[in-house]
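**Student:** model this:
(chains A and B)
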Amino acid sequence: MKNKKFLVLGLILLLVHCCLPLVAAAEEKWAGVDDTVVGKYAKEHGREKRVSYINTDQGDLLLFVFLLAGVLGGFTAGYSWCLLVNKKVQVSTDS
Amino acid sequence: MWPLCFLVVLITLVCAAPAHAMHISEGILPFNWALFWSLVSIPFLALGIRKLRAAAKEDISFKPLVGLITAVVFVISCMPIPVPTAGTCSHPCGTAISAILLGPCISVVVAAVALLIQALFLSHGGLTTLGANIMSMGIMGSFSGYFVFRLLRGMRLNLGVAGFFAGIVADWVTYASTSAELASGIRGSTPFFALFWQILLSFIPTQLPLGILEGAITSGMIVLLYKKRPDLLISMRVIKAEGIKA
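**Tutor:** Take a look at the predicted model:
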């Protein structure tokens, strides 16, 4: 019960955190930390990000590939979940 | 409880905006460091593949579980989540849940598969930096999450709480490792620790809340599996049979 209260409190704090857009102070809004942290420090030290070998970061192609990956990933997860939970549960309960 | 969880997830989804990769991108690390991290990752991968084969022979439930967890890790680790207080996006890793359920060695393989697909087709991470990303997300994330979970379970904390802290630690350790890899690779004449702390501190505004979110996801998945398939948690040696409530 006590743990549940802590969990609820934690989730509320997280929710409050998510609802504070006014205090956002990044130079470029919603950039990934690859640009704001990794890319920034790499550039400062003379290293630059290179184009991927299979470059899907071209216009809306990346959105399509992400969508496809999400659909396939979601289908695989859902199908595997169904395989797992549809099995008959047999648990020896000693206590 | 669940409406609140749903609300948090809904807000993060509604706030979603175009964002880029968060792993170390192609070409960031010099060749010698990229090679070094790849060589370090290989023994862990080999051990993980060996354990995966043995476990799949032993238990037929193992393959769908590995499929489920690989898909979850893949989706979670390429899902940019906006953090309003930092104004940036980043992603959870999902390696804590895979390490708890499958063991840390098999979790390394799961993370490697997810990272390879992302590097090949999603311009997310890179092939030359694959070893470094496997090291931080796969190896460090999995082992830290697994050991925290085991430690807390050993202290008789319940599944949800142990999973929550395992998720937080796995996420934070992953980004601490990324900071170390980046600092060692790009530092030049800059002292290692000075650059390491700079990078780590820059990750904190984004990863601090995301680590907590990852803890909540890990905890939620463990508790859900406990309710739906407790026998699976027993066969994966996550819990003991006598610990099941009748």
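
**Student:** next up, the contacts around the residue most central in space within chain B.
**Tutor:** The C-alpha lying nearest the average C-alpha coordinate of chain B belongs to residue B:95 (C-alpha atoms, centre = their mean; 2.7 Å). Residues counted as contacts of residue B:95 (C-beta atoms under 8 Å, 6 or more residues apart in numbering or on different chains) are B:73, B:107, B:110-111, B:137-138, B:141-142, B:145, B:170, B:174. For the C-beta atoms, the positions are set from N, CA and C on the backbone; glycine is no exception.

**Student:** list the helices and strands the longest helix seen in chain A packs on?
**Tutor:** Ranked by residue count and defined by DSSP state H, the top helix of chain A is helix A:61-85. On a contact count with 3 or more C-beta pairs under 8 Å, 6 or more residues apart in numbering or on different chains; DSSP states H and E, helix A:61-85 meets helix B:62-77, helix B:104-121.

**Student:** at 6 Å instead, please
**Tutor:** In terms of contacts (3 or more C-beta pairs under 6 Å, 6 or more residues apart in numbering or on different chains; DSSP states H and E), helix A:61-85 is packed against helix B:62-77.

**Student:** for the helix it packs on, which positions count as buried?
**Tutor:** Residues B:62, B:64-77 are the ones in helix B:62-77 that count as buried (16 or more other C-beta atoms under 10 Å in any protein chain shown).

**Student:** pull that helix out as CSV, backbone CA atoms only.
**Tutor:** The C-alpha atoms that make up helix B:62-77 are tabulated as CSV, following Å, rounded to 0.1, in the frame of the first residue of the first chain:
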residue,chain,number,x,y,z
PHE,B,62,11.5,-18.8,-24.6
LYS,B,63,11.3,-18.0,-28.3
PRO,B,64,8.1,-15.9,-28.2
LEU,B,65,9.4,-14.2,-25.1
VAL,B,66,12.7,-13.3,-26.9
GLY,B,67,10.6,-12.1,-29.9
LEU,B,68,8.4,-9.9,-27.6
ILE,B,69,11.4,-8.4,-25.7
THR,B,70,13.4,-7.7,-28.9
ALA,B,71,10.4,-5.9,-30.4
VAL,B,72,9.9,-3.9,-27.2
VAL,B,73,13.6,-3.0,-27.0
PHE,B,74,13.6,-2.0,-30.6
VAL,B,75,10.5,0.2,-30.5
ILE,B,76,11.4,1.7,-27.1
SER,B,77,15.0,2.5,-28.1
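
**Student:** count of residues packed around residue B:168?
**Tutor:** 23 (other C-beta atoms under 10 Å in any protein chain shown).

**Student:** can you give me phi and psi for residue B:82?
**Tutor:** Main-chain torsions, residue B:82, degrees, to the nearest 10: phi -70, psi 140.

**Student:** what does the one 10 residues further on give?
**Tutor:** Backbone torsions of residue B:92, given as degrees, to the nearest 10, read phi -70, psi 180.

**Student:** now the helices for chain B?
**Tutor:** Going by DSSP H, chain B shows helices at B:2-14, B:31-58, B:62-77, B:95-102, B:104-121, B:130-133, B:141-154, B:159-186, B:192-228, B:230-235.

**Student:** can I get these in CSV including mean pLDDT?
**Tutor:** Converted to CSV, the helices of chain B look like this (pLDDT from 0 to 100):
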stretch, mean pLDDT
helix B:2-14, 46
helix B:31-58, 94
helix B:62-77, 89
helix B:95-102, 94
helix B:104-121, 94
helix B:130-133, 94
helix B:141-154, 96
helix B:159-186, 95
helix B:192-228, 93
helix B:230-235, 86
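
**Student:** please identify the most buried of the ones you listed.
**Tutor:** helix B:95-102 (a mean of 31; mean count of other C-beta atoms under 10 Å in any protein chain shown).

**Student:** chain A: helices as residue ranges?
**Tutor:** Going by DSSP H, chain A shows helices at A:2-18, A:33, A:40-44, A:61-85.

**Student:** of those, which shows the lowest average pLDDT?
**Tutor:** Here those differ in mean pLDDT, and the lowest is helix A:2-18 at a mean of 62.

**Student:** no further queries at this time; thank you.
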